[in-house]
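1. Fold the stuff below for me.
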Amino acid sequence: MSDDDGRHDFDFVPGVWQMRNRKLVNALDPECDEWVEFDSVSTGDIRLYGLGNTDRMLVESMPPDGQPYEGMTLRLFDPQEKLWRIWWTSSRYPGTLEPPVVGRFEEDGVGRFYCDDVVNGTPVKVRFEWSDTTTETPKWNQAFSFDDGQTWKPNWYNRFVRLSH
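-> The predicted structure follows:
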């Protein structure tokens with residue numbers, strides 16, 4: 001299998017990152033237009049000889065309640081399918097591993113990853129998008145679709161700034 005099959009798409013993850021977050025107050029309300037902003041720090045590592053990676057996100061005071069928040073990502077690459085699967089878990093929902101979003105980076109340099117999920121009883125389609133990953137300031141955003149993928153409502157944006165490798 002060629003090593004340019006997509007397995008290096010997340011090679012930027014290792015290191016320490018300052019993250020500027022912009023998040024909808026209520027991601028499950030398609031009419032919500034109130035945003036909160038906060039900072040976080042992420043640390044990432046390559047695993048499984050490049051076929052996986054993890055990162056840990058720490059927030060000192062997560063809106064709206066101001067409580068500390070920790071999230072963790074596990075990304076695994078399937079070389080046969082040339083697809084990434086990305087799982088998320090957090091201190092907000094202990095003991096829960098979210099369904100993986102699945103996808104790849106396209107020729108435009110944007111990674112798009114999708115899944116079906118149920119969030120607090122509401123069925124949604126979830127989309128993660130990664131861009132600018134070859135720079136020192138990659139971007140990530142999350143969007144939900146309430147109409148089976150016909151339209152998307154972004155609900156969380158991150159801009160990363162590398163602090164160290």
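
2. Tell me where the model's unsure across this protein.
-> Segments of the chain classed as low confidence (criterion: pLDDT under 70) are 1-3.

3. can we see that at 90?
-> Within the chain, the stretches with pLDDT under 90 are 1-4, 30, 63-65, 92-94, 119-120, 165.

4. Dig out what residue 123 forms beta bridges with.
-> residue 118 (DSSP bridges).

5. Could you report the distance from it to residue 21?
-> Distance, residue 123 to residue 21, by Cβ to Cβ, to the nearest Å: 25 Å. C-beta here means a position set from N, CA and C on the backbone, and glycine is covered the same way.

6. So those two - more neighbours on which side?
-> Under the criterion of other Cβ atoms under 10 Å, the comparison of residue 123 against residue 21 puts residue 21 first, with 19 against 11.

7. which residues does that one contact?
-> Residues near residue 21 by Cβ atoms under 8 Å, 6 or more residues apart in numbering: 37-40, 59, 156-158.

8. Find the helix or strand that it is a member of.
-> Assigned by DSSP states H and E, residue 21 belongs to strand 15-24.

9. next helix or strand past that strand?
-> Downstream of strand 15-24 (by DSSP H and E), the next one is strand 35-47.

10. List the neighbouring strands of that next one plus their orientation.
-> Sheet pairing for strand 35-47, using DSSP bridges, gives strand 15-24 (antiparallel), strand 52-62 (antiparallel).

11. Relative to residue 152, which of those strands is closest?
-> Among the strands paired with strand 35-47, the nearest to residue 152 by Cβ to Cβ is strand 15-24 (12.7 Å).

12. one step back: report the buried members of the contacts of residue 21.
-> For the contacts of residue 21, a burial check counting by 16 or more other Cβ atoms under 10 Å picks out 38, 40, 59, 156-158.

13. With distance to residue 149 as new columns, can those be given to me in TSV?
-> Compiled in TSV, the buried ones among the contacts of residue 21 are given as follows (distance: Cβ to Cβ, whole Å):
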residue	distance to residue 149
38	29
40	29
59	29
156	18
157	20
158	22
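
14. follow-up on the earlier one: now tabulate the strands paired with strand 35-47 in a markdown table and tack on distance to residue 100.
-> What follows is those, written out as a markdown table (distance: least, Cβ to Cβ, whole Å):
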| stretch | distance to residue 100 |
| --- | --- |
| strand 15-24 | 21 |
| strand 52-62 | 12 |
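
15. Can you say which of these is nearest to residue 77?
-> Residue 77 sits nearest to strand 52-62 of all the strands paired with strand 35-47, at 6.7 Å, using Cβ to Cβ.
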